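> Output the structure for:
(2 chains)
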There are 2 protein chains.
Amino acid sequence: MSGVTSPMAVALAEAEKAAAQGETPVGAVVIDAAGNVLASAGNRVEQDHDPTAHAEILALRAAAARRATARLVDCDLWVTLEPCAMCAAAIALARIRRLYFGAWDPKGGAVEHGPRLFTQPTLHHRPEIYGGIDERRAAELLRGFFRDRR
Amino acid sequence: MSGVTSPMAVALAEAEKAAAQGETPVGAVVIDAAGNVLASAGNRVEQDHDPTAHAEILALRAAAARRATARLVDCDLWVTLEPCAMCAAAIALARIRRLYFGAWDPKGGAVEHGPRLFTQPTLHHRPEIYGGIDERRAAELLRGFFRDRR
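Now for the predicted structure:
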């Protein structure tokens, strides 16, 4: 890793930018084997009128486009929140090597909650998984966002 | 429904076009409440270098863009194959009213196989589901495709 900025700091900055746009504050970044940022994104569901525009999906799509391949076999994904079922399955389809996530999401998460997708035998790829990275900061961002909307 | 062409025929035509491009032959179409085709697509994973470019995702994104909303509450999705976990979750996120699919997919399907996503309590929307529509034609397309690749 090139060191100065941690990948989760990049993802958190994307989450903050998303919040400023009225989007659910989640950010994601794809890192290659050398530690370079291939792509980063925040949620853009409302701005883009796109139900699939979660941070993870946007970062995976941008990284794959940059690499000109649908499979990111030596890449890692960092995301501020436990991925939902759509994103967890996309992470498997993209053959991501390691998944690092921030806050746990008991309501919508599909990695350690709900369908626990990576434990499903029909999912053909399982990344290494590290949860709870900078969890407090990621969770605070989300709490602040939903508090402001009430 | 305007009648002349069934939505599944449109989806099957998209699957055939995908096969001709070397893509897994799956096609999808989003229909609005009046029976009009809002968007249709075939798989484009390899052509687009996009691990998320399944037919369902592309059709949902195009329909949502056309409607300028992330939620297709009065729309139905027709797809030639039982959706995978990524697509099933995207269908829920898009608030699709009815899901019609063709062939069952015991290996990768996530509706009536694997995680059976729509039975998961953390998935906040469940469409009406109709499987096995023109199943034989959809399955034949897939079988032909995988036979030719061996």
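
> From the chain's centroid, how far away is the helix or strand where A:V79 lies?
Secondary structure assignment for A:V79, by DSSP states H and E: strand A:76-81. Strand A:76-81 sits 4 Å away from the centroid of its parent chain (Cα atoms, centre = their mean, to the nearest Å).

> how much space between the closest residue to A:P121 other than its chain neighbours and A:E56?
In space, not counting the residues next to it along the chain, A:P121 is nearest to B:G114; the distance is 7.5 Å by Cβ to Cβ, 6 or more residues apart in numbering or on different chains. C-beta here means a position set from N, CA and C on the backbone, and glycine is covered the same way. Here the distance between B:G114 and A:E56 works out to 20 Å (Cβ to Cβ, to the nearest Å).

> Of the two, which one has the most company?
Here B:G114 and A:E56 are set side by side on neighbour count (other Cβ atoms under 10 Å in any protein chain shown), and the busier one is A:E56, at 32 against 23.

> Tell me how far the residue lying closest to A:V73 once chain neighbours are set aside lies from A:V30.
Leaving out its chain neighbours, the residue that sits closest to A:V73 by Cβ to Cβ, 6+ apart is A:R95, at 4.8 Å. Counting by Cβ to Cβ, the gap from A:R95 to A:V30 is 12 Å.

> And for A:I133?
15 Å.

> the more surrounded of those two?
The residue with more neighbours, out of A:I133 and A:V30 and counting by other Cβ under 10 Å, is A:V30; that gives 28 against 19.

> tell me the SS of that one?
With DSSP: H, G, I helix; E, B strand; the rest coil as the basis, A:V30 sits in strand.

> Which per-residue confidence value corresponds to it?
According to the prediction, A:V30 has pLDDT 98.

> could you list every residue that touches A:D50?
Shown in contact with A:D50 (Cβ atoms under 8 Å, 6 or more residues apart in numbering or on different chains): A:44, B:61, B:64-65, B:70.

> Below-threshold pLDDT in chain A: ranges please.
In the prediction, chain A carries residues with pLDDT under 70 at positions A:1-4, A:150.

> A:P115: how many residues sit nearby?
Neighbouring residues of A:P115 were enumerated by other Cβ under 10 Å; the total is 28.

> again, but for A:F146
Other residues near A:F146 number 11, with proximity taken as other Cβ under 10 Å.

> just the strands in chain A please.
Listed in chain order, the strands found in chain A under DSSP state E are A:27-31, A:37-42, A:76-81, A:98-103, A:128-130.

> Taking strand A:76-81 as reference, get the angle to the fourth one.
This points to strand A:98-103. Inter-element angle recorded for strand A:98-103 and strand A:76-81: 10 degrees (by axes from the mean of the first three to the mean of the last three Cα atoms, to 10 degrees).

> Between the two ends of stretch A:28-39, how far is it?
Chord length of stretch A:28-39, first to last residue, is 8 Å (Cα to Cα, to the nearest Å).

> What residues sit buried inside that stretch?
Judged by neighbour count using 16 or more other Cβ atoms under 10 Å in any protein chain shown, the buried positions of stretch A:28-39 are A:28-32, A:37-39.
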